[in-house]
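Generate a structure from the sequence data that follows.
(one chain, ligands or ions: 1)
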Amino acid sequence: MNPAFEFDVCIVGTGRVGLPLGLSFIDVGVAAVGLDVDAHLRDTVNAGRMPFHEPGYDALVASRRFVVHAEPEIVARARAIVITVGTPLHHHIETDLRQIQRVLESVAPHLRAGHLLCLRSTVAPGTTAFVKRWLARHTRFTVGQDLLLAFCPERIAEGKAYEEIRTLPQIVGAEDADSQAAAAALFARLAPEIMATNFVSAELVKLFNNIARYVQFALANQFALIADEQGANIHEIRRMANHNYPRNHVAAPGLTAGTCLRKDFGMINEWSPYPDLLLSAWKMNEYIPAFLVQHLQQRTPIHDRRVAMLGYSFKADTDDVRDSLAPKLYRYIDRETPLEIRVSDGYLPDPVPAESGTGPLRNWPLDEALAEADCVFVATNHSQYAAALRTLAERRPECWVADIWNVGGIDQIFYQAGALRA
Ligand SMILES: NC(=O)c1ccc[n+]([C@@H]2O[C@H](COP(=O)([O-])OP(=O)(O)OC[C@H]3O[C@@H](n4cnc5c(N)ncnc54)[C@H](O)[C@@H]3O)[C@@H](O)[C@H]2O)c1
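Just a heads-up that it's a prediction; the model follows:
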């Protein structure tokens, strides 16, 4: 690295993507530093603690070798700047680029000749080209001459960052040889393999990876509805369809959303005028909370009953509630006017954070949430729920369960808890 720079890399936005990345760089001997506007996050990291649940990083963060700064001047001291800020959607089908734009505005005065700027946030096709235009308009540098620019998407799954940052191939999208070489050299310190391409293909690789999962789960959910209409058992069918069959894998149904899958789907749709397969997938996945409430209702009333909702985060064993479908499920249950709904999620604080227009809600201890329940909705497939349902089977065998994740393991979506005793 250029000796004029004190650090090899500055990670801008040290959230769920940026912080694991920065710590992984430190882990392999890359001199990394962070920049973030969130004072609470900075204080937590700089005190040696993880601000969220991400296994594998506790010792690294406790070493305090990765320091997160508040002042954008820090970027001038790092050879490479990797941008990992959030890219949510506006209410319309449109990426909200404000975090990226604010980063560009704040770091632009501190850019130096020779800097490598890597965009790593997930973005709609054409966004890296926009960044290039922005730099041409607002700085004295020219990409490919005195400033280097690349798009290097992050493809880790939350909860698996520590392992996946070191094992996934790294896509490097750049449009000049020097940018390509500099970004490849940086990420080769972490990744086993570099795949070189241009901006838009790198942007699409990331989106297609996520959207393929979103559509695959939509298909799984559609199959679950068809099986239910036919009085058949989706889990049994799935097991047989997948057993020793070489040509495809039928995924499990579930509450499919989460910050990445849903918004990344929006990013690809913002540039397409047609109602397409992706919109159908969206509708299917969004319908599942309604399906669970409607179909449990067909078996037992929810009105005036005590309901427990297990899980509030968007997927198993994470504390991330962004874009979770659980708040939507909560509201649909609430519309049936039950006596009460007790939400329990051991990964979240009490109260459960206000999310998507609901809350804050009391976060009940798991045993108390289930103690008097007439109906249980398993909203998230956290690992500890299988044992909790077995206890429920002993204590409240009449209690109805809506278990789209098959956490109970008896291959049924709707059942009375006593069925788990068999
Ligand atoms: N979370 C995932 O599992 C995952 C996986 C792959 C890709 N991604 C993508 O990575 C990007 C980041 O996602 P995330 O989950 O880490 O988001 P996040 O909200 O956890 O982290 C973003 C961080 O950027 C900081 N920030 C915002 N504006 C800033 C600014 N002007 N200057 C400095 N810091 C600023 C925020 O304070 C926050 O800490 C998104 O585009 C997301 O789609 C996320």
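
ok, which residues in the stretch 251-400 of the chain are in contact with the ligand?
residue 260 (CB under 6 Å from any ligand atom). Any C-beta I mention is one placed from the backbone N, CA and C, and that applies to glycine too.

Could you tell me how many residues sit around the closest residue to residue 305 other than its chain neighbours?
Once flanking residues are discounted, residue 305 sits nearest to residue 374: 3.9 Å by CB to CB, 6 or more residues apart in numbering. The tally of other residues near residue 374 (other CB atoms under 10 Å) stands at 18.

Leaving out chain neighbours, which residue sits closest to whatever residue of the stretch 201-350 of the chain ends up closest to the ligand?
Distances between the stretch 201-350 of the chain and the ligand by CB to the nearest ligand atom are smallest at residue 260, namely 5.1 Å. Nearest non-adjacent residue to residue 260, counting by CB to CB, 6+ apart: residue 210, 5.6 Å away.

Can you list the low-confidence ranges for this protein?
Low-confidence segments of the chain (pLDDT under 70): 1-3, 356.

and the residue of it found nearest the ligand, helix, strand or coil?
The nearest approach of the chain to the ligand comes at residue 15, 1.8 Å away (CB to the nearest ligand atom). Here residue 15 takes the coil state, with states given by DSSP: H, G, I helix; E, B strand; the rest coil.

element containing the residue of the stretch 201-350 of the chain closest to the ligand, please.
helix 259-269 (DSSP states H and E).

after that helix comes which helix or strand?
helix 277-297.

which helices and strands sit right next to that following helix?
Packing partners of helix 277-297 (3 or more CB pairs under 8 Å, 6 or more residues apart in numbering; DSSP states H and E): helix 199-229, helix 259-269, helix 326-335, strand 375-378, strand 400-402.

got a list of contacts for stretch 209-217?
122, 155, 251, 253-254, 256, 260-262, 264-265, 268, 277-278, 281-282, 285 (CB atoms under 8 Å, 6 or more residues apart in numbering).

ok, that stretch near the ligand or not?
No: with CB under 6 Å from any ligand atom as the criterion, the ligand is not reached by stretch 209-217; the gap is at least 8.0 Å.

The spatially closest residue to residue 330 that is not a sequence neighbour: what's it in contact with?
Using CB to CB, 6+ apart and skipping the chain neighbours, the partner closest in space to residue 330 is residue 358 (5.5 Å). Residues near residue 358 by CB under 8 Å, 6+ apart: 327, 330, 331.

Which of the helices or strands spans residue 172?
strand 170-173.

following that strand, which helix or strand comes up?
helix 177-188.
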